[in-house]
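Asks: next one to model:
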Amino acid sequence: MRRRKRTAALTGLAAACAVAIVVVSSGSAWSFDGPQFTNVATANTKSTGYAPASKLSVELRQVVVAQGSTKMENSSALTSYYGYDNDVLNSAGQPQMVPTPPNTSVEATKTEPDKNAYLVFKHSLPGADPNFYYGTHFLFQGHEGGAGGFSYITRINLDADAAHRVTLLATKDSGGANLSTIDGVTWDPWAKRLLFTTEEADVTGVYQATPGYPSTVDDLSGFFGDVADEGIQNDSDGNLWISEDASGPTKGSTTAKVPNSFIYRFVPKHPDNLKRGKLQVLQVLNGQGNPITKASQTPLNSPDQLALHTYGNVFNTKWITIHDTAVDGTTPFDANALATAANGTPFKRPENAQFRPGVGFREYFFDETGDTNATSPENDSAGGWDSVFKLTQNSPSSNSGKLTIFYKGDEVHAGFDNVTFLSKNLVTFVEDAGDTLHAQRNALDSGYILDVTKDYSNPANQPVRWLAEGRDASATLDSANDGFGVNEGDNEITGVHVSNGDPSIGGILGAQVPKLFHDFWRWFYTQQHGDNPTYEVIPAN
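Replies: As a prediction, this is how the structure comes out:
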């Protein structure tokens, strides 16, 4: 390797460590329960041509670690930049990032980097340049959008210089098929693979990928099913917990949606081999001991839905096996259809989830994004705004548990999507309310902190807004022009992620209590759509 480049990378690593040291002495106020942040009073408003800056708690600021226009160190026919495909090029052969004359009605597809996974390895990982030292700190993501429905996997090399900042890891799986658009990601320390989920129904549900370059990517749809998956998370026994994000049909002529998304658990025969095992679906029993099903929640404001979304109610749960590779083989299958037939309990898009840290993987919090429309007649009563549920089990492998609603949203706090714990008791949920609800409530998305020890049935207890997301000019143009046919509109908060990067079994999210801004715990998120920047959140001082 060339000493000059190695020195540059090590300098970057030293700078990162210096930031961490400064944080310990001058970070945000810290208590046993974690950092304390000042509430941002209001969300940013939405209006034509208006591109406001984001507002953060006074204790916080953010820095860009990569953005859509960051050129990758390597490229493919599909893409050459972190957040843009090569489907629409200008006269210089560069992606048309912003519509300009004479192409005022077209722009390149924005690939929407989604969830993030931060990992720190003992030794550097290989990249596209065999002579460059890439350091040991990395941020991985799949991309949710893509020309032709195709996607790719990227790695942000946090210790590297600008020319080596982003590596394109893969655009195809090991069978040569193009990657489907990707949503969620986590690291499996037993398999030593990144796990990526896709939100497109009837295509690959889960990929596993090696973290080095080039990445070997395997399609796991014969084991996890073809389903619109999003959140994915390990537990301490090596099981994988997965949230489905599949919108159901509307209820009659209303904007309320039939719950159509399940919580799954994959139980591998051996944790280091995800190609053998059982897929299970969560079943919730109502007060009469009957399963709460898709059929029982199809009527508008059905009794089962109303009960699920009532503070104080406690429901028994159990896991139902819907596919076993030892019996059913490894042919790809429709997990949603099997879950429905087995009387699993669907929710209104439970996109993401995490285990509460420091409690032995016995408490699992998952959100329900809801209907994302202010006119839904189920907003206040049956999860239309959004909801957060708490599933409690004696152990992560238990076959039974208890479910309660932890938080019911409202118009101000709606469309919860990504989630990460900031400490043992503090958890942040971020909004993906969408352009329609943004306009209806005249408010863009926000990020909120909730305290899991508080009773949110008491109106005096309210979430703390740490981020009032703005809207960059590119997203503002997209919102005004229906994304030019290939892109989304307003910016969205996604990929919120707090980790110390520990790739071992002991580093699974939920195993250690985060000490945000201390002991090398770091906080990332992506402002999806528009310019697609990925940020690191750091203390203001």
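
Asks: now do the same for the residue nearest to residue 296 when sequence neighbours are not counted: helix, strand or coil?
Replies: Nearest in space to residue 296, with sequence neighbours left out and distances taken as CB to CB, 6 or more residues apart in numbering, is residue 304 at 4.6 Å. Just so you know, the C-beta spots here come from the backbone N, C-alpha and C atoms, and that holds for glycine as well. Under the three-state scheme (DSSP: H, G, I helix; E, B strand; the rest coil), the conformation of residue 304 reads as helix.

Asks: isn't residue 304 up against residue 295?
Replies: No. Contact status for residue 304 versus residue 295: not in contact, 9.7 Å apart, counting by CB atoms under 8 Å.

Asks: the two - which one has more neighbours?
Replies: Ranked by neighbour count (other CB atoms under 10 Å), residue 304 and residue 295 place residue 304 first, with 24 against 13.

Asks: for that one, what are its contacts?
Replies: Contact analysis of residue 304 by CB atoms under 8 Å, 6 or more residues apart in numbering lists 286, 292-293, 296-297.

Asks: repeat the analysis, applying 10 Å as the threshold.
Replies: Under the criterion of CB atoms under 10 Å, 6 or more residues apart in numbering, the contact list for residue 304 reads 259, 284, 286-288, 290-293, 295-298, 315, 345, 382.

Asks: again, but for residue 513
Replies: Taking CB under 10 Å, 6+ apart as the definition, contacts of residue 513 comprise 34, 356-359, 421, 423-425, 521.

Asks: now do residue 122
Replies: Contacts were defined as CB under 10 Å, 6+ apart; by that measure residue 122 touches 136, 503.

Asks: from residue 276, how far out is it?
Replies: Look at residue 122 and residue 276: by CB to CB, to the nearest Å, they are 29 Å apart.

Asks: any low-confidence regions in this protein?
Replies: Judged against pLDDT under 70, the low-scoring parts of the chain cover residues 1-33, 201-202.

Asks: what ranges do the strands span in the stretch 101-250 of the chain?
Replies: Along the stretch 101-250 of the chain, the stretches classed as strands by DSSP state E, counting those that start in this stretch are 113-120, 137-143, 153-157, 166-170, 182-188, 193-198, 206-209, 217-219, 229-234, 240-244.

Asks: now the stretch 301-450 of the chain
Replies: Listed in chain order, the strands of the stretch 301-450 of the chain (DSSP E, counting those that start in this stretch) span 315-324, 353-355, 363-368, 387-392, 400-408, 416-421, 426-431, 446-451.

Asks: now render those as JSON lines, adding distance to residue 200 and mean neighbour count.
Replies: Below are these laid out as JSON lines (distance: least, CB to CB, whole Å; neighbours: other CB atoms under 10 Å):
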{"stretch": "strand 315-324", "distance to residue 200": "19", "mean neighbour count": "19"}
{"stretch": "strand 353-355", "distance to residue 200": "20", "mean neighbour count": "22"}
{"stretch": "strand 363-368", "distance to residue 200": "20", "mean neighbour count": "24"}
{"stretch": "strand 387-392", "distance to residue 200": "25", "mean neighbour count": "21"}
{"stretch": "strand 400-408", "distance to residue 200": "28", "mean neighbour count": "20"}
{"stretch": "strand 416-421", "distance to residue 200": "17", "mean neighbour count": "26"}
{"stretch": "strand 426-431", "distance to residue 200": "22", "mean neighbour count": "25"}
{"stretch": "strand 446-451", "distance to residue 200": "26", "mean neighbour count": "22"}
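
Asks: can you redo the ones you listed as JSON lines with distance to residue 89?
Replies: Output for these, formatted as JSON lines (distance: least, CB to CB, whole Å):
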{"stretch": "strand 315-324", "distance to residue 89": "44"}
{"stretch": "strand 353-355", "distance to residue 89": "40"}
{"stretch": "strand 363-368", "distance to residue 89": "39"}
{"stretch": "strand 387-392", "distance to residue 89": "44"}
{"stretch": "strand 400-408", "distance to residue 89": "46"}
{"stretch": "strand 416-421", "distance to residue 89": "32"}
{"stretch": "strand 426-431", "distance to residue 89": "33"}
{"stretch": "strand 446-451", "distance to residue 89": "35"}
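
Asks: of the ones you listed, which is nearest residue 108?
Replies: Proximity to residue 108 (CB to CB) singles out strand 416-421 among the strands of the stretch 301-450 of the chain, at 25.0 Å.

Asks: now the angle from the closest one to strand 363-368?
Replies: Here the directions of strand 416-421 and strand 363-368 differ by 160 degrees (axes from the mean of the first three to the mean of the last three CA atoms, to 10 degrees).

Asks: I'd say residue 525 and residue 495 touch.
Replies: Yes. Contact status for residue 525 versus residue 495: in contact at 5.4 Å, counting by CB atoms under 10 Å.

Asks: pull up the overlap in contacts between these two.
Replies: Between them, residue 525 and residue 495 share the neighbouring residues 115-116, 418, 420, 430, 534-535, with contact defined by CB under 10 Å, 6+ apart.

Asks: sorry, back to before: got a ChimeraX select line for the buried ones in the contacts of residue 304?
Replies: Taking 16 or more other CB atoms under 10 Å as the burial criterion, the selection of buried members of these in ChimeraX is written as:
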select :259,284,286,291,292,293,296,297,315,345,382
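
Asks: quick check, nearest of the contacts of residue 304 to residue 161?
Replies: Taking CB to CB as the measure, residue 161 lies nearest residue 259 of those, at 48.1 Å.

Asks: phi first, then psi, for the closest one.
Replies: phi -60, psi 130 (degrees, to the nearest 10).

Asks: just checking, it touches residue 368?
Replies: Yes. With contact defined as CB under 10 Å, residue 259 reaches residue 368; the gap is 8.4 Å.

Asks: look up how far residue 469 lies from residue 463.
Replies: Using CB to CB, residue 463 is found at 15 Å from residue 469.

Asks: number of residues surrounding residue 110?
Replies: The criterion is other CB under 10 Å. On that basis, residue 110 has 31 neighbouring residues.

Asks: so what's it up against?
Replies: Contacts of residue 110 (CB under 10 Å, 6+ apart): 68, 81, 83-85, 95, 97, 143-147, 474-475, 478, 483-484, 486-488, 528-532.

Asks: does the closest residue to residue 240 other than its chain neighbours have beta-bridge partners, and which?
Replies: Closest residue to residue 240 in three dimensions, ignoring its sequence neighbours and counting by CB to CB, 6+ apart: residue 266, at 4.2 Å. Using DSSP bridges, the bridge partners assigned to residue 266 are residue 240, residue 279.

Asks: surely residue 266 touches residue 237?
Replies: No. The pair residue 266 and residue 237 does not pass the contact test of CB under 10 Å, sitting 11.4 Å apart.
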